[in-house]
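J.: Give me a 3D structure for the following:
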Amino acid sequence: MCRPSLDAIRTGHSESILARTSAPPVSPVTFDLAAPFQRSVICGIADGGHVIPPDGESVTLYVDPASAAARCAGFWATGAGWHHLRDGERSQPFLIPGPEQTAGLSASALREATLTLAAGDSPSRTGTPLHH
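T.: Residues are numbered from 1 along each chain as shown. The predicted model follows:
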């Protein structure tokens, strides 16, 4: 039985690491999800990104210029369930929670918005809409 030498294993492992690190970095996508018919925020997307909800009807995302390098877009789901973000070559599923799952999310979102306002930060920079 022929076994590879330790040097061959190390060299192969090093080449594998080098190959992985030479790939261009992909900006992470972040989600701030809300219940259906409420504003969710998706950040880290490119122009032309879209969401495919469970009903299959594609929804185009428009990056808010005020989000600058964060590249965020608002999204209002019309129903609960698994949705798919399509952003160039990237495809990522995410779950819009149903009403039975949103009480904790709503309380958390309200808390975050309150803390942001109390700290004197502009809500528009954090993805929270301004109401005048």
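J.: ok, the residue lying closest to residue 37 once chain neighbours are set aside - contacts?
T.: Distances taken as CB to CB, 6 or more residues apart in numbering put residue 76 closest to residue 37, at 6.3 Å, once the chain neighbours are dropped. The C-beta positions use only the backbone N, C-alpha and C, and glycine is treated the same way. Residue 76 is in contact with 37, 38, 39, 40, counting by CB atoms under 8 Å, 6 or more residues apart in numbering.
J.: in this structure, what spans have low per-residue confidence?
T.: Judged against pLDDT under 70, the low-scoring parts of the chain cover residues 1-27, 104-106, 121-132.
J.: can you rerun that using 50?
T.: Along the chain, segments meeting pLDDT under 50 span 1, 6, 8-11, 13-14, 16-18, 23-24, 125-132.
J.: tell me which residues of stretch 56-63 are tucked away?
T.: Using 16 or more other CB atoms under 10 Å as the test for burial, stretch 56-63 gives 61, 63.
J.: First-to-last residue distance for stretch 95-109?
T.: Start-to-end span of stretch 95-109 (CA to CA, to the nearest Å) is 17 Å.
J.: Likewise for stretch 77-95?
T.: By CA to CA, one end of stretch 77-95 lies 10 Å from the other end.
J.: contacts for it?
T.: Contacts of stretch 77-95 (CB under 8 Å, 6+ apart): 26, 29, 31, 33-37, 40, 42, 45-46, 48-55, 58, 96-99, 101.
J.: buried residues in that stretch?
T.: 77, 80, 83, 85, 86, 87, 94.
J.: Tell me which two of those residues sit farthest apart.
T.: Maximum pairwise distance among the buried residues of stretch 77-95 (CB to CB): 21.8 Å, between 80 and 87.
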